[in-house]
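# what's the 3D shape of this:
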Amino acid sequence: MAKFYTVFFIIVITIPLFLGINAWQANECGKLRNEIYDMEKFQENCVEENKTVVGEIADLLAIDRLENEAQKRLGLHKVRPGDVTLIIMGGKGLDL
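Just a heads-up that it's a prediction; the model follows:
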């Protein structure tokens, strides 16, 4: 009879213990799921921000924009063929 009570006592103790462990594990899984969700949202935001920055860089490096900035800020202009003077200097061994 003592054997029966011992087995019964072990069963009575272990069932709530296993239920508690199961609840704790479910809670931990929920925390991890929420953390993964937050990380995915953060990654999506980073990707969107990166796309925006890449677009801004492309706009800043556009040839038309650079030419306009060079003209406005530095007073530079495109060289026209009429503005170029070709100077040929003679020297030893120069056959033209």
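# Only alpha carbons, please: show the helix or strand of the chain with the lowest mean pLDDT as PDB.
Counting by mean pLDDT, DSSP states H and E, the weakest-scoring helix or strand in the chain turns out to be helix 63-74, with a mean of 88. Extracted in PDB, the C-alpha atoms of helix 63-74 (Å, rounded to 0.1, in the frame of the first residue of the first chain):
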ATOM      1  CA  ILE A  63      24.900  64.800 -64.300                       C
ATOM      2  CA  ASP A  64      22.400  67.500 -64.900                       C
ATOM      3  CA  ARG A  65      22.300  68.500 -61.200                       C
ATOM      4  CA  LEU A  66      26.100  68.400 -61.000                       C
ATOM      5  CA  GLU A  67      26.400  70.700 -64.100                       C
ATOM      6  CA  ASN A  68      23.800  73.100 -62.700                       C
ATOM      7  CA  GLU A  69      25.600  73.200 -59.300                       C
ATOM      8  CA  ALA A  70      29.000  73.800 -61.000                       C
ATOM      9  CA  GLN A  71      27.600  76.600 -63.000                       C
ATOM     10  CA  LYS A  72      25.700  78.300 -60.100                       C
ATOM     11  CA  ARG A  73      28.300  77.900 -57.300                       C
ATOM     12  CA  LEU A  74      31.600  77.900 -59.200                       C
END
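# give me the element residue 11 is part of.
helix 2-60 (DSSP states H and E).
# rewinding a little: taking helix 2-60 as reference, get the angle to the least confident helix or strand of the chain.
With axes from the mean of the first three to the mean of the last three Cα atoms, to 10 degrees defining the directions, helix 63-74 sits at 60 degrees from helix 2-60.
# ok, back up a step: quick one: mean pLDDT for the helix holding residue 11?
Mean per-residue pLDDT for helix 2-60: 94.
# still on that earlier bit, what packs against the least confident helix or strand of the chain?
When contacts are defined as 3 or more Cβ pairs under 8 Å, 6 or more residues apart in numbering; DSSP states H and E, helix 63-74 packs onto no helix or strand at all. Just so you know, the C-beta spots here come from the backbone N, C-alpha and C atoms, and that holds for glycine as well.
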